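Student: Take a look and give me a structure for this.
(2 chains)
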Amino acid sequence: MEKKLQELIKDQFKGLSLTQKDEMKLAASSGCSLLEVQAVAMDLGVVPLRYQRNLESLTLAEQRRLLQSRVTVVGCGGLGGLVLEELARIGVGQISAWDYDCFEEHNLNRQFMSQADIIGFSKVEAAAHRVHSVNPGIVFNGIKRKFTADEGRESLQDQQVVVDALDSAQARLGLSQACRDQGIPLVHGAVNGWYGQVATQFPGDFTIEQLYLGRTPGEEDQSALVFAAAMVASWQVSEVIKIILNKGNFLRQKIMLIDMLSLSLDIIDF
Amino acid sequence: MLVTVKLFAYLREGRFKVRVLELADDHTVRQVLQDLSISEKEMKIGIIMINGKRASFESHLGDGDTLAIFPPLAGG
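Tutor: I've put the predicted structure just below:
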């Protein structure tokens, strides 16, 4: 199948780029998935148009590496919704997402996957729909369960990066343990009102424990403003991409504290 | 003695970001935070650093120290 696909792309698209219509035609005529079409095209130097404006900031080889990478997002709320959207747009090929919850009206102020007409619907299903409509090539695996270290540990085994988009200290501690057990980097983000924090925990680090162990920051009725959540989510995605590409500087053993009300961004060694 | 105090996130509301305070010698972190009307509950959550190193509420401050306190956020 892949050989046929290679020949089709070489014959028809050498030196050109690939529209999404082309991707669909090639998938249909070769029997390959859209993800395989995008991947083989890039291997042959043919750029899918959807990624064209990523290039120069990313090399074609880096774009190709994103497509074959696997990222898990735990939580599909204020942080996770936008994290998923950004991962799909930039072209991370295999995305898994955990959330047991359904949308409620009080999510509409900030959760990008929520809409007035899908209140009561599963967050994971909404995420699957959104990711597919943004980038149908992405392989999306939605898990409609509460993440616990015991339940989730094994599913993280083959993941390259995990995103902590949870909303409680307790759940974050469980996720941190599961990632440490599997030796996977964890990109942490949290938000409250006008404020946000971001940190990246590599295997062997105890950043999440240092933040939360013995502390129970108020979790109920927390306010969160949309721009603070969006900003934290975007910082998290940039960390994920840098980890996959091994590029730039990471927020390792540091914590970034963002204050959008009084305009400050501090990075503290931690 | 002079101590620079840095507050973060919602602890700044109604207070300040950074301020140099003149304190009696051997003040503890807890005394400083009480002077700033930071509640026991907020203190329990907060992470304390003196000159960039983790410290506790009972830590004593010295002249020229920088005290930072930030509350870990947990919302998503």
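
Student: which residues in chain B form strands?
Tutor: B:2-7, B:18-22, B:47-50, B:53-55, B:66-70 (DSSP state E).

Student: helices or strands up against the longest one?
Tutor: Spelled out, that is strand B:2-7. On a contact count with 3 or more CB pairs under 8 Å, 6 or more residues apart in numbering or on different chains; DSSP states H and E, strand B:2-7 meets strand B:18-22, strand B:66-70. In this view, the C-beta of every residue, glycine as well, is placed from N, C-alpha and C.

Student: Confidence-wise, which helix or strand of chain B is lowest on average?
Tutor: For chain B, counting by mean pLDDT, DSSP states H and E, helix B:40-45 ranks last in confidence among helices and strands (a mean of 83).

Student: Send me that helix as CSV with only the CA atoms.
Tutor: What follows is helix B:40-45, C-alpha atoms only, in CSV (Å, rounded to 0.1, in the frame of the first residue of the first chain):
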residue,chain,number,x,y,z
GLU,B,40,-3.2,31.0,58.1
LYS,B,41,-5.1,29.2,55.3
GLU,B,42,-3.1,31.1,52.6
MET,B,43,0.1,30.4,54.5
LYS,B,44,-0.6,26.7,54.6
ILE,B,45,-0.8,26.7,50.8
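
Student: got the buried residues for it?
Tutor: B:42, B:43, B:45 (16 or more other CB atoms under 10 Å in any protein chain shown).

Student: One more: stretch B:28-40?
Tutor: Judged by neighbour count (16+ other CB under 10 Å), stretch B:28-40 contains these buried residues: B:28, B:29, B:30, B:32, B:33, B:36, B:38.

Student: pLDDT and distance to residue A:113 added to these, as JSON lines?
Tutor: Listed next are those as JSON lines, based on pLDDT from 0 to 100; distance: CB to CB, whole Å:
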{"residue": "B:28", "pLDDT": "95", "distance to residue A:113": "47"}
{"residue": "B:29", "pLDDT": "95", "distance to residue A:113": "42"}
{"residue": "B:30", "pLDDT": "94", "distance to residue A:113": "43"}
{"residue": "B:32", "pLDDT": "95", "distance to residue A:113": "43"}
{"residue": "B:33", "pLDDT": "93", "distance to residue A:113": "39"}
{"residue": "B:36", "pLDDT": "95", "distance to residue A:113": "40"}
{"residue": "B:38", "pLDDT": "92", "distance to residue A:113": "37"}
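
Student: among those residues, which are in helices?
Tutor: B:29, B:30, B:32, B:33 (DSSP state H).

Student: Not counting its neighbours along the chain, what's nearest the last one?
Tutor: To tie it back to what came earlier, the one meant is residue B:33. Nearest in space to residue B:33, with sequence neighbours left out and distances taken as CB to CB, 6 or more residues apart in numbering or on different chains, is residue B:43 at 5.6 Å.
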